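Student: quick one: sequence plus predicted model below, questions after.
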Amino acid sequence: MIHLQNSKDATKDSKVESLNISKYLYIPLLQHVGKSCDEVIIKIGDNVSKGQKLAQAHAKVYSPVHSSVSGKVIAIKKHFHPVIGVANTVIIENDFKDSTCFKQRAVSEIDSLTADSIRDIVFRSGIVGLGGASFPTHLKLNPPNKTDTLIINAAECEPFLTSDYRLMLEKTNEIIKGIELIERCLNVKKVFIGIEDNKPLAVKAFRAQKLKLNYKVAVLKSAYPQGGEKQLVKNIINKEIPRGKLPFDISVVVQNVATAFAIYEAVYFDKPLIERIVTVTGDCVKNPKNILAPIGAPIKDLIDFCGGFNTRPKRVIFGGPMMGIAQFDMDTPIIKSTNGVVFFSSIKEEEDSPVCIRCGNCVEYCPLGLMPCFIKLHADNQDWSMAKLYGCLDCMECGLCNYSCPQSINLVESVRIAKRRIPR
Amino acid sequence: MPNKLFVQGSPHIHSNKRTKSVMWTVFFALLPAGAAGVFIFGVSSLKVIVVSILACLITEGLLQRMMNRRVTINDGSAALTGLLLAYNLPANIPLWMPVVGGFFAIAICKLAFGGLGRNIFNPALAARAFLLASWPQQMTSFVKPFAVDGVTQATPLMMFNEAKVIKLSQLNLTYIDLLLGNRGGCLGEVCVIALILGALFLLARGIIRAYIPFSFILTTGVFSWVFGYSGLFKGDFLFSILSGGIILGAFFMATDYVTSPVSRNGQIVFGIGCGLLTFIIRKFTGYPEGVSYSILIMNAAVPLIDRHIRPRIYGKIK
């Protein structure tokens, strides 16, 4: 763990603004862990309304996708995808009429919902984990064994990003209602909301709400990667998730704070996951902002909304700068898991064939107790069993080893290669 | 709109601690001790320092050019080796010796192993051991502090080792003298206070970590106290850590990134090993100073330490 310069000042005080200028929306059929939604239930030329389901799949693990605007389907074809490069995508021409197909639920109806019906609403609304991993939420609300602790991940430890932070300030009450819905599905005894201590206003906002007795706001040290599932569990309830296991296995469920809000919207308004807050920031953006953007809006619309660039950007990162993914095209759309877009006007300096000077930074800072320098050494020699010995398969690719390496050796890259090559 | 975007793997930001800045920071943190050496032993110290650094830089530059490798003399590593080598030499040494030492350190101990990051032994210490083995006479005649005529004097540790004295007061020295450097010894090791200031600066900047120096110094100190010159539990803790090269060795030489273990526990084991060996050499051998040899011996054990002392992996069940 290490305290990073958080670089959040540019957007931490800017209120979330809605973006509705996108003429074309690119909605990928795969925005989740699991099977791609290959069964498209609309046709080219169809008019769709905002929130209408576009595609589904025949599988257990998947999440449906919905139209985020009203308009006309003009194409279903391959398009740039921020995570996997290229994917089948439904392209919709926005008619700017905003005709929706969802409406508010009566409070009495919400109070009488069973756990199963909440899960069903969550599933039909296409909600996935919004912290980045995109695992379908309805499955996470239906754990195979009994759970007793729910942890809401509100750490937001990545530098630059403020989307969860703004959500916590502006929608505190709604988030708590969402958490209560999760609690009803899981029957947990304790609920923790984990927030880093560099967000005192968010801590205050939650404490100002009348929290139920079993709810607790856990203030965490501001250190990267505090928002990693393993760190969060360890630092809040002082238990470790065994190697190769999931939080379920120690009766814990971790949900992102933005997911809780999405569940609230789905249950109270029957609104599918069709928009999310995206922090658009970086050293060359004219007016960095937190934007409530429809899923499928291309980056170039987001940057237009922010007033364009001061200087020419050389890198575009989806997600935070530590774990985000670099993009190569400005037409790439934001998807359900995109919590931020960071622009940099410079490229990362890399030496050609740097040599490890054995400073030990990567080992000292690794939050999982791995030895990245040796993983790389053995991965380079294709000695996979030794790479495994030093913990290669446990790596969550948080990037701290790379970050702290004085020779800027691409340690994470070696881990990624080794993970694919190690026979399981 | 941008016409060309660069795609690189995550992470996309980087700490500003780079090898070059780290090396030069250590270099500058060492300078106060060198200045003190020049003040205490005279201008001859300065000559030794300059010649040693130049020898290392020229050796590295020439050999890398001859081998058609990238010339890396500005990364600070060779300059630091030269500075540390000079600090391990007596002030009145003939000037051809730092030249030979610098050449040996860079050519044999560093470049022959593959350059920065690949050497097994600390180059400056290996060169010192080489000079000591080859020219013991010159390497062990230490000039008396503030002497104009180059009068030589035994170091306090030599006096104790030869059992000529058993108490510091017999040498007309106080702990303050040891702290300030008013004693015979190598030119960079005597002024302990300047070394400690430099070390604190490096610790505060996070450039060196405390595990090695503290385990090293504590081990030597405690063992010297328990098995003292004048009986069990009657040893002199402070004298053992202030008198020789242990402060210089523990903070600036044992912490050399390349030749020390990478993990926290490994570094503690390494430090304890250095401390124990230093005590053993001082107590049971004819050689009064043990720091450099103990570090060199432990350098050889580093691959073994790194292989077997690993941090506990998160979620590992016994």
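Tutor: Ah, there it is. Numbers count the residues shown, from 1 in each chain, chains lettered A, B, ... in the order given.

Student: figure out how far stretch A:354-361 is from the centre of its chain.
Tutor: The chain centre lies 32 Å from the centre of stretch A:354-361; the measure is CA atoms, centre = their mean, to the nearest Å.

Student: now do stretch A:90-102
Tutor: The mean C-alpha position of stretch A:90-102 is separated from the chain mean by 24 Å, CA atoms, centre = their mean.

Student: how far does that stretch stretch from start to finish?
Tutor: By CA to CA, to the nearest Å, the extent of stretch A:90-102 from end to end equals 21 Å.

Student: quick one: mean pLDDT over it.
Tutor: When pLDDT is averaged along stretch A:90-102, the result is 91.

Student: that one: which residues count as buried?
Tutor: In terms of neighbour count (16 or more other CB atoms under 10 Å in any protein chain shown), stretch A:90-102 has its buried residues at A:90-92, A:94, A:100-102. C-beta here means a position set from N, CA and C on the backbone, and glycine is covered the same way.

Student: do stretch B:278-294 as well
Tutor: Quick answer for stretch B:278-294 (16+ other CB under 10 Å): B:278-279, B:281-283, B:288-294.

Student: and for stretch A:187-194?
Tutor: Buried, per 16+ other CB under 10 Å, within stretch A:187-194: A:188, A:191-194.

Student: just confirm residue B:271 is within a helix.
Tutor: Yes. Checked against DSSP: H, G, I helix; E, B strand; the rest coil, residue B:271 lies within a helix.

Student: out of the buried residues of stretch A:187-194, who's nearest chain B?
Tutor: Within these, the smallest distance to chain B is 17.1 Å, found for residue A:194 (CB to the nearest CB).

Student: ok, that closest one touching residue A:232?
Tutor: Yes. Taking contacts as CB atoms under 8 Å, residue A:194 lies within contact range of residue A:232: 5.4 Å.

Student: give me the element the closest residue to residue B:229 other than its chain neighbours is part of.
Tutor: Once flanking residues are discounted, residue B:229 sits nearest to residue B:166: 4.9 Å by CB to CB, 6 or more residues apart in numbering or on different chains. Using DSSP states H and E, residue B:166 falls within no helix or strand.

Student: so what's residue B:166 up against?
Tutor: B:160, B:229-230 (CB atoms under 8 Å, 6 or more residues apart in numbering or on different chains).

Student: could I get the buried residues of stretch B:278-294 in JSON lines, plus columns for secondary structure, distance to chain A and pLDDT?
Tutor: Converted to JSON lines, those look like this (DSSP: H, G, I helix; E, B strand; the rest coil; distance: CB to the nearest CB, whole Å; pLDDT from 0 to 100):
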{"residue": "B:278", "secondary structure": "helix", "distance to chain A": "22", "pLDDT": "95"}
{"residue": "B:279", "secondary structure": "helix", "distance to chain A": "26", "pLDDT": "94"}
{"residue": "B:281", "secondary structure": "helix", "distance to chain A": "26", "pLDDT": "94"}
{"residue": "B:282", "secondary structure": "helix", "distance to chain A": "29", "pLDDT": "91"}
{"residue": "B:283", "secondary structure": "helix", "distance to chain A": "31", "pLDDT": "88"}
{"residue": "B:288", "secondary structure": "coil", "distance to chain A": "31", "pLDDT": "84"}
{"residue": "B:289", "secondary structure": "coil", "distance to chain A": "27", "pLDDT": "85"}
{"residue": "B:290", "secondary structure": "coil", "distance to chain A": "24", "pLDDT": "88"}
{"residue": "B:291", "secondary structure": "helix", "distance to chain A": "21", "pLDDT": "94"}
{"residue": "B:292", "secondary structure": "helix", "distance to chain A": "20", "pLDDT": "94"}
{"residue": "B:293", "secondary structure": "helix", "distance to chain A": "22", "pLDDT": "95"}
{"residue": "B:294", "secondary structure": "helix", "distance to chain A": "20", "pLDDT": "96"}
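
Student: hmm, back to that, which neighbours do residue A:194 and residue A:232 share?
Tutor: Joint contacts of residue A:194 and residue A:232 (CB under 8 Å, 6+ apart) are A:151, A:153, A:155, A:220, A:226.

Student: report pLDDT for whichever residue of the stretch 51-200 of chain A sits closest to chain B.
Tutor: Of all residues in the stretch 51-200 of chain A, residue A:159 sits closest to chain B, at 6.9 Å by CB to the nearest CB. Looking at residue A:159, its pLDDT stands at 94.

Student: ok so it is a strand residue?
Tutor: No. Counting by three-state DSSP, residue A:159 is not part of a strand but coil.

Student: pLDDT value on residue B:177, please?
Tutor: Looking at residue B:177, its pLDDT is 89.

Student: returning to what we had before: who wins on neighbours among the shared contacts of residue A:194 and residue A:232?
Tutor: With neighbours defined as other CB atoms under 10 Å in any protein chain shown, the most crowded of the shared contacts of residue A:194 and residue A:232 is residue A:155; it has 30 neighbours.

Student: residues in contact with residue A:288?
Tutor: A:10-11, A:14, A:279-282, A:306.

Student: any chance of CSV for the buried residues of stretch A:90-102, columns distance to chain B?
Tutor: What follows is the buried residues of stretch A:90-102, written out as CSV (distance: CB to the nearest CB, whole Å):
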residue, distance to chain B
A:90, 24
A:91, 20
A:92, 22
A:94, 20
A:100, 32
A:101, 34
A:102, 35
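
Student: farthest pair within those?
Tutor: Using CB to CB, those reach their maximum pairwise distance at A:91 and A:102, which is 22.3 Å.

Student: and the gap between residue B:253 and residue A:397?
Tutor: Using CB to CB, to the nearest Å, we find residue B:253 at a distance of 36 Å from residue A:397.

Student: the two: who's more crowded?
Tutor: Taking neighbours as other CB under 10 Å, residue B:253 and residue A:397 compare with residue B:253 leading, 26 against 19.

Student: isn't that one up against residue B:296?
Tutor: No. Residue B:253 is beyond contact range of residue B:296, at 9.6 Å (criterion: CB under 8 Å).

Student: list residues touching both of these two?
Tutor: B:122, B:125.

Student: the residue in the stretch 101-250 of chain B that chain A sits nearest to: how many residues sit nearby?
Tutor: In the stretch 101-250 of chain B, the residue that lies nearest chain A is residue B:117 (4.1 Å; CB to the nearest CB). The local packing of residue B:117 (other CB under 10 Å) involves 18 other residues.

Student: please, which helix or strand holds it?
Tutor: Counting by DSSP H and E, residue B:117 is part of no helix or strand.

Student: give me the pLDDT value at it.
Tutor: 92.

Student: residue B:318 too?
Tutor: pLDDT, residue B:318: 69.

Student: grab the nearest non-local neighbour of residue 143.
Tutor: Since no chain was named, I'll use chain A. Closest to residue A:143 by CB to CB, 6+ apart is residue A:248, at 4.7 Å.

Student: sorry, I should have been clearer: chain B.
Tutor: Ranked by CB to CB, 6+ apart and with sequence neighbours excluded, the top spatial neighbour of residue B:143 is residue B:92, at 4.5 Å.

Student: separation between the one you found and chain A?
Tutor: Using CB to the nearest CB, to the nearest Å, one obtains 35 Å as the distance from residue B:92 to chain A.

Student: for that residue, grab phi and psi.
Tutor: phi -100, psi 20 (degrees, to the nearest 10).

Student: enumerate the residues of the stretch 151-300 of chain A near chain B.
Tutor: A:159, A:230, A:234, A:240-245, A:300 (CB under 8 Å from any CB of the partner chain).
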